[in-house]
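Novice: build the 3D model from these lines:
(one chain, ligands or ions: 1)
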Amino acid sequence: MRSDVEYSPVGEGLGMRDFWLYAWMRRAAVIAAHVTGVSLTIIIAVLSRPGTSLFSWHPLCMALAYCLCMTEGILIFSPELSLFCFKSRKWKVRLHWFCQTLALIVAATGLGFIVASKNLSESRHLATWHSRLGICTLAASALQAACGVCVIYPKLLCLSTPPPRLKLYHGTCGLVVYLLATLTIMAAMLSDWYQAMVKGPVWWAIFLLPVFPALVVMNQITNGYLPRKKISS
Ligand code: HEM
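Specialist: Got it, this is the predicted structure:
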């Protein structure tokens, strides 16, 4: 018996494919997510003035890892559009791999800088919400990467092909990692260091900036993985 529930991008079963305004709005949202991720990286890079202290490399590395590499590594699968406009799934998977590996390496470097900086100033570790959320984000990112390696090399789990459930877990856990990273970056903007530099309406504008790519990523992942009831016309 044929199941009438299948995994399909939202709107397909509703005849939304022909609805050009809807398609253009989704495309515009994805472009805006790319622009927001890049802008946030530039803003944090300028504010942290890399090279002025050991600490200054931490915000830069973390913004490069999460706002740039991780965001682009996920948006590459966006059906609407991706920065590199790759059509082939094989190349998208390769680029995803590359971006996420780079994100992990740069994030680990950023962690090294903040730990070294705190040791030097003899400050207490993991004393703020940002630092605790940050450790959870880094741990979840490492687990997520291990799950991704098993999807590509199922032989590590003594399987010939990756079970669909594993792909589903990889996608949905990816969403959790991205949301954790978003919360960590927003919590960083509550730090004394950041609040001493950015104030007033500009603070609010930058504070809300990470929410936008998070919403686009959430929409992309839930549309890609959640089962939808097919409505036949
Ligand atoms: C998702 C990205 C980020 C992660 C995973 C992360 C992780 C961490 C961790 C684990 C610590 C504490 C280290 C320790 O206690 O030894 C920390 C500290 C810190 N981070 Fe981040 N960070 C991220 C992004 C940022 C950004 C973008 C900024 C600046 C805008 C920033 C500013 C700070 C500051 C000021 C501290 C020292 C004060 C504190 O411990 O809260 N971080 N970060």
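Novice: quick check: chain neighbours aside, which residue is closest to residue 55?
Specialist: Once flanking residues are discounted, residue 55 sits nearest to residue 117: 4.1 Å by C-beta to C-beta, 6 or more residues apart in numbering. Yep, even glycine has a C-beta here, placed from its N, CA and C like the rest.
Novice: so the one you found makes contact with residue 53?
Specialist: Yes - with contact defined as C-beta atoms under 8 Å, residue 117 reaches residue 53; the gap is 7.0 Å.
Novice: immediately after the longest helix anywhere in the chain, which helix or strand?
Specialist: Ranked by number of residues, the top helix in the chain under DSSP state H is helix 89-121. Per DSSP states H and E, helix 89-121 leads on to helix 129-152 as the next helix or strand towards the C-terminus.
Novice: buried residues in that next one?
Specialist: Residues 130-131, 133-134, 137-138, 140-141, 144-145, 147-148, 150-151 are the ones in helix 129-152 that count as buried (16 or more other C-beta atoms under 10 Å).
Novice: what comes into contact with it?
Specialist: When contacts are defined by C-beta atoms under 8 Å, 6 or more residues apart in numbering, helix 129-152 is touched by residues 62, 66, 70, 93, 97, 100-101, 103-104, 107-108, 111, 125-126, 156-157, 162, 166-167, 169-170, 173-174, 176-177, 180-181, 183-184, 187-188, 190-191.
Novice: tell me what the helix or strand where residue 32 lies is packed against?
Specialist: Per DSSP H and E, residue 32 falls inside helix 20-48. Where contact means 3 or more C-beta pairs under 8 Å, 6 or more residues apart in numbering; DSSP states H and E, helix 20-48 is packed against helix 57-62, helix 71-75, helix 211-225.
Novice: same for the last one, what does it pack against?
Specialist: Meaning helix 211-225. Helix 211-225 packs on helix 20-48, helix 71-75, helix 164-188, going by 3+ C-beta pairs under 8 Å, 6+ apart.
Novice: closest residue of this structure to the ligand?
Specialist: Per C-beta to the nearest ligand atom, residue 134 is where the chain lies closest to the ligand, at 2.4 Å.
Novice: quick one: pLDDT of that residue?
Specialist: pLDDT, residue 134: 98.
Novice: likewise the one 10 residues further on?
Specialist: The predicted local distance difference test score for residue 144 is 94.
Novice: excluding chain neighbours, what is closest to residue 107?
Specialist: residue 65 (3.9 Å).
Novice: look up how far residue 51 lies from that neighbour.
Specialist: Remark: distance between residue 65 and residue 51 (C-beta to C-beta, to the nearest Å) = 18 Å.
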